[in-house]
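[1] build the 3D model from these lines:
(one chain, ligands or ions: 1)
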Amino acid sequence: MFNKRMMVMMAALLVLLLGLAGCGQKAADKPAAKVLKVGAETTFPPFEFQDEQSKEYVGFDMDLARAVGKQMGYEVQIQSMGFDGLIPALEGGNIDLIVSGMSITPERAEKVSFSKPYYKSGLSIIVKADNQTIKGFKELEGKKIAVQIGTTGAEEAKKIKGATVREFNSNAESYMELKAGGVDAVVNDLPVNQYYMAKSGDKSAKLLSEISNAEDYGMAIAKKNGELTEKVNKALEELKKNGEYDKIYEKWFGKKPQA
Ligand code: ARG
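    Numbers count the residues shown, from 1 in each chain. All right, here's what the predicted structure looks like:
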């Protein structure tokens with residue numbers, strides 16, 4: 001009686017041990033990939049936008065974010081959200097990194113830690129093709145301007161005397177509002193305005209040549225996550241060295257980055 005019970009118990013123990021060993025084995029074969037949660041506002045082509053067919057988030061930033069993640073040994077997960085929600089999401093720990101054409105500004109740098117700059121940008125204006133009066137920022141005084149909420153373009157527009165600034169959640173809405181005649185101009189980042197002019201087929205609009213404010217895009221990391229800032233900077237540096245950055249740049253801008 002006693003022996004039988006012992007046997008059963010030992011058998012059970014053996015099964016348990018084998019099972020545990022099996023688990024250990026499996027875990028060692030396929031370590032769970034570390035996930036890096038990247039936040040972006042995805043109506044900002046060619047930096048971040050949704051591919052109509054595949055529904056994937058694509059663009060210069062998205063490729064660069066995935067390359068940086070890979071370099072650091074992470075699998076990148078993109079989370080799309082409003083531009084004005086990005087810094088709160090980072091501070092709240094819902095995302096690890098912002099890669100969203102975000103310009104490095106002193107105000108933002110008080111809240112988040114920025115990587116080294118990865119793209120040179122600036123602001124520009126789109127007006128109706130037949131508009132003869134608005135030639136640059138000076139003539140925006142007293143005019144109606146469409147911008148994206150929370151952006152440097154919005155900040156800049158609000159400084160213009162007598163201007164009525166209409167803030168939209170997505171960039172598509174700003175361009176639509178111009179087309180519909182609800183505003184006189186759209187103020188937005190130059191490369192995004194250029195992309196719109198090149199790809200939208202919108203013949204009713206024109207891009208003005210005046211550009212304001214040199215702005216640098218940086219990836220943003222929570223202040224408390226200093227280690228990640230270092231890792232991101234190192235990854236960016238490596239991608240610049242090994243030619244991967246140039247490859248991604250050429251893919252989206254059709255030319256080599258200026259030195
Ligand atoms: N560079 C501008 C800024 O930092 C606009 C960025 C908008 N980005 C976006 N993904 N919608 O304010």
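[2] output the lowest mean pLDDT helix or strand found in this protein.
    Of all helical and strand segments in the chain, the minimum by mean pLDDT, DSSP states H and E falls on helix 2-29, at a mean of 59.
[3] what's in contact with the following helix or strand past that one?
    Using DSSP states H and E, the helix or strand that follows helix 2-29 in sequence is strand 34-40. Residues from elsewhere that reach strand 34-40, judged by CB atoms under 8 Å, 6 or more residues apart in numbering: 48, 57, 61-62, 65, 69, 72-81, 86, 89-90, 94-100. C-beta: built from backbone N, CA, C; applies to glycine.
[4] so which of those residues reach the ligand?
    Contacts with the ligand within the contacts of strand 34-40, counted by CB under 6 Å from any ligand atom: 48, 100.
[5] sort out for me which of the contacts of strand 34-40 are in helices.
    Cross-referencing the contacts of strand 34-40 against helices under DSSP state H gives 61-62, 65, 69, 72, 86, 89-90.
[6] adding pLDDT, write these out as TSV.
    Output for the ones in helices among the contacts of strand 34-40, formatted as TSV (pLDDT from 0 to 100):
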residue	pLDDT
D61	98
M62	98
A65	98
G69	98
M72	97
L86	98
A89	98
L90	98
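[7] ok, A129 to the ligand distance?
    With the distance defined as CB to the nearest ligand atom, to the nearest Å, A129 ends up 24 Å from the ligand.
[8] repeat that for A65.
    Taken as CB to the nearest ligand atom, the span from A65 to the ligand is 12 Å.
[9] residues touching the closest residue in space to that residue that isn't next to it in sequence, list them.
    Sequence neighbours aside, V99 is the residue nearest to A65 in space, at 4.1 Å (criterion: CB to CB, 6 or more residues apart in numbering). By CB under 8 Å, 6+ apart, V99 lies in contact with 38-40, 48, 61-62, 64-65, 68, 219.
[10] hmm, try it at 7 Å
    Residues near V99 by CB atoms under 7 Å, 6 or more residues apart in numbering: 38, 40, 61, 64-65, 219.
[11] fine, thanks again, bye for now.
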